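Trainee: task: produce atomic coordinates for the following.
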Amino acid sequence: MTLHKTASQSEHVEVNSGRTVLILCSGMAVLLCLSITRQSLWIDEAWTAWFAVQDSLMNLIRAAARLKTSDVQTPLYAFYIWRWARVFGTGEYALRASNIPFASMFVIALGWTSLRVFGRPIFWTVFCFSPFIVYYMNEARVYVAVMGCSAVTMGALLAYFADRGRYGKVASWVCSSALVITCGMQMLGAFLVPVLVVYAALATREKKLDRKTVLHDWTKPLLVSLPILLVLGAYYGCTVLAGLGGIRGKPGLGNIGFAGWEFMGLAGLGPPRNQLRLHRSLQTLVPYWPWLAIGILACLAVFGTTIRRLLAQRRKRTSWSLLLALVTPMTLFLVVADVVRFDFWGRHLAIFFPGLVLALIQVTSEVGERTRIRTAERVAFMLLVVAWAISDARIVGNPQYYKDDYRFAATFALDEAGRTGSTVLWAADTIGGRYYGIELGQPKPDVVWPVRGKGLFVANWTDGQINEYMASRKGAGQTILVLSKADLYDSRGAWAAAVERMNARKIASANSFDIYAFKCGEPNQALSETLHP
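Mentor: Down below sits the predicted model:
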């Protein structure tokens, strides 16, 4: 009778915990959805819109085949966003809302795994406040999709080894299926494979499971998924050999530091990323020190209590297993990035974010620790929630953290050109300009966006090209220059020099943009001396 009562109580507690998690999942999903805005699309998002607007699947494939960027390494995401746009359109909000299904997947996987594997129905909600996922919720790119699929993959694997008897038949299929989708979404999903392999090896040993039994459970799912993974691997190999990929550069400690900056949630407490991009010095951080102090204090508190917990549990390898499993692929990623000269940032490590979150939950879920340690832990994570909530609010509501304002730049330049009869010179992303109505002629995207006006693409012109053009325009009236990020669109510094030399007048500014007017009809002594020394 006592045993029956105990079992009933246990079942009742489990049901109540499940309801709690379901309610919290709904709340956290809504919270993440609130971070989506109608801000201007920026460079990368404009290319997502370009995929989405293709009028047929064949045109989508042809368009992808012509690209020379890393977008070809997100094949399943390109197809997904194309299908999404068929239903919801290609507006700014609609494109970003494509993150909602994957954000829900992330939240549900996190909540379910935290409850079923670690017995913590509430603690996981802390990580839904992370500015890392809040920021990318408001970006029409692959990163939230990757995090959602990665969370499902990791959650299924953890569930299998936590309770094989209960989840053994389903978890292996869910894990392998989610892994295939993750790898299809983005090439970097391949780095999730060593995480799974290392953790499986450690967990098999820790749980003292029979290896043959584990292999038997995973054989069929692997036989089904392996051919697809091999095809994806061959495709990605071809893209790498063709020289496609992200921005080339020599990665170093700065890349690791910036990735840590994003993962710790300091993005909304410190300088905006474009400011950090232009001024990479400690002096840039000084005006933001009150906000940064809150975030850094919270992160140090969490780091300190976590290390203390690990040291107290150093004999219990269970708490270390997932952290150890993450070390190998992350180290491998850094080595590969160095070899291929891949200038990575925090978003490129999004594949590891759910694993790190689950590792923190695992470490802090061990029972039997002293009350003092657990109290310090609670205080530390409460402080982290406060710091992250402030960071989230600033990311979503403070204009200085908004994205590159292509909408304003294009609209202002076209309106000014229409009012004064000026010519627009565009030193910025062509697809971003085309999305907001500027026809630049080259390249010629197959899109149906309406054209409001025309301009000339002048990114990275030399001094000679600038001087020749200005000389040809003498007497033709005003010319408007729209200049975006100098390292991408004025790498020689020729336009910056021309602006100063020709006494150009700044007529507007926006995030990542400066707009100048040249009075080409007026004699210019500096230009004359340059052309006729």
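Trainee: for the rest of this, base every contact and every neighbour count on C-alpha atoms.
Mentor: OK.
Trainee: can you list the domains in the chain?
Mentor: As recorded under automatic domain parsing, the domains making up the chain are 2-401, 406-531.
Trainee: now do the first one, average pLDDT.
Mentor: Right, domain 2-401. For domain 2-401, mean pLDDT is 89.
Trainee: with stretch 459-468 instead?
Mentor: Mean pLDDT, stretch 459-468: 91.
Trainee: that older thread, next, format the domains of the chain as CSV and append mean neighbour count.
Mentor: CSV is the format used below for these (neighbours: other C-alpha atoms under 10 Å):
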stretch, mean neighbour count
domain 2-401, 18
domain 406-531, 18
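Trainee: helices of the stretch 201-350 of the chain, residue ranges please.
Mentor: 211-241, 253-263, 273-278, 289-312, 321-340 (DSSP state H, counting those that start in this stretch).
Trainee: for V424, find the nearest of the ones you listed.
Mentor: Checking the helices of the stretch 201-350 of the chain against V424 by C-alpha to C-alpha gives helix 273-278 as the closest, at 24.2 Å.
Trainee: which one, of the helices of the stretch 201-350 of the chain, ends up nearest to L414?
Mentor: When the helices of the stretch 201-350 of the chain are ranked by proximity to L414 (C-alpha to C-alpha), helix 273-278 comes first, at 24.7 Å.
Trainee: contact partners of that closest one?
Mentor: Identification of contacts with helix 273-278 by C-alpha atoms under 8 Å, 6 or more residues apart in numbering yields A267, T284, Y401, S512.
Trainee: confirm V396 sits in a helix?
Mentor: Yes - the assignment for V396 by DSSP: H, G, I helix; E, B strand; the rest coil puts it in a helix.
Trainee: what's near enough to touch it?
Mentor: If you count contacts by C-alpha under 8 Å, 6+ apart, then V396 has S35, T37, Y135, Y402 around it.
Trainee: hmm, try it at 10 Å
Mentor: Taking C-alpha atoms under 10 Å, 6 or more residues apart in numbering, we find V396 in contact with L34, S35, I36, T37, Q39, P131, V134, Y135, N138, G268, Y402.
Trainee: dump the residues you listed to CSV, plus distance to A410.
Mentor: Shown next, in CSV, are the contacts of V396 (distance: C-alpha to C-alpha, whole Å):
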residue, distance to A410
L34, 27
S35, 25
I36, 22
T37, 19
Q39, 14
P131, 29
V134, 27
Y135, 24
N138, 21
G268, 27
Y402, 16
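Trainee: what is the nearest of those residues to P75?
Mentor: Nearest to P75 among the contacts of V396, counting by C-alpha to C-alpha, is N138 at 20.9 Å.
Trainee: how about the closest one: what's its closest non-neighbour residue?
Mentor: The shortest distance from N138 to any non-neighbouring residue, by C-alpha to C-alpha, 6 or more residues apart in numbering, is to I36 (4.6 Å).
Trainee: which ones are touching the closest residue to W218 other than its chain neighbours?
Mentor: Spatial nearest neighbour of W218, excluding adjacent residues (C-alpha to C-alpha, 6+ apart): S172 at 5.8 Å. Neighbour list for S172: 153, 156-157, 159-160, 164, 178, 214, 217-222 [criterion: C-alpha under 10 Å, 6+ apart].
Trainee: secondary structure element for S172?
Mentor: helix 164-185 (DSSP states H and E).
Trainee: go ahead and confirm C175 touches L196.
Mentor: Yes - judged on C-alpha atoms under 10 Å, C175 makes contact with L196 at a distance of 9.3 Å.
Trainee: and for the two, which residues touch both?
Mentor: When contacts are counted by C-alpha under 10 Å, 6+ apart, C175 and L196 have T153, M154, L157, L158 as shared neighbours.
Trainee: tell me which of those residues fall in helices.
Mentor: T153, M154, L157, L158 (DSSP state H).
Trainee: nearest to L241, of the residues you listed?
Mentor: T153 (28.6 Å).
Trainee: can you give the distance of stretch 66-83 from its chain's centre?
Mentor: Counting by C-alpha atoms, centre = their mean, to the nearest Å, stretch 66-83 is centred 15 Å from the centre of its parent chain.
Trainee: start to end distance for it?
Mentor: 20 Å (C-alpha to C-alpha, to the nearest Å).
Trainee: one step back: tabulate the contacts of S172 (TSV), appending distance to T113.
Mentor: As requested, the contacts of S172 are exported to TSV (distance: C-alpha to C-alpha, whole Å):
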residue	distance to T113
T153	11
A156	8
L157	10
A159	7
Y160	11
R164	14
A178	15
V214	20
D217	20
W218	20
T219	23
K220	24
P221	21
L222	22
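Trainee: so what's F161 up against?
Mentor: With contact taken as C-alpha under 10 Å, 6+ apart, F161 is in contact with V117, Y167, G168, A171, Y199, A200, A203, T204, E206, K207, L209, V214.
Trainee: in a helix, the residue nearest to N138, correct?
Mentor: No - using three-state DSSP, the assignment for I36 is coil, not a helix.
Trainee: for M330, see how far away it is.
Mentor: 30 Å.
Trainee: also R211?
Mentor: Per C-alpha to C-alpha, R211 is found 26 Å from M330.
Trainee: do Y143 as well
Mentor: Per C-alpha to C-alpha, Y143 is found 17 Å from M330.
Trainee: L209 contacts A203, correct?
Mentor: Yes - if you go by C-alpha under 10 Å, L209 and A203 touch, sitting 8.4 Å apart.
Trainee: assign S509 to helix, strand or coil.
Mentor: Using three-state DSSP, the structure places S509 in strand.
Trainee: mind checking how far it is from A413?
Mentor: In this view, S509 and A413 are 11 Å apart by C-alpha to C-alpha.
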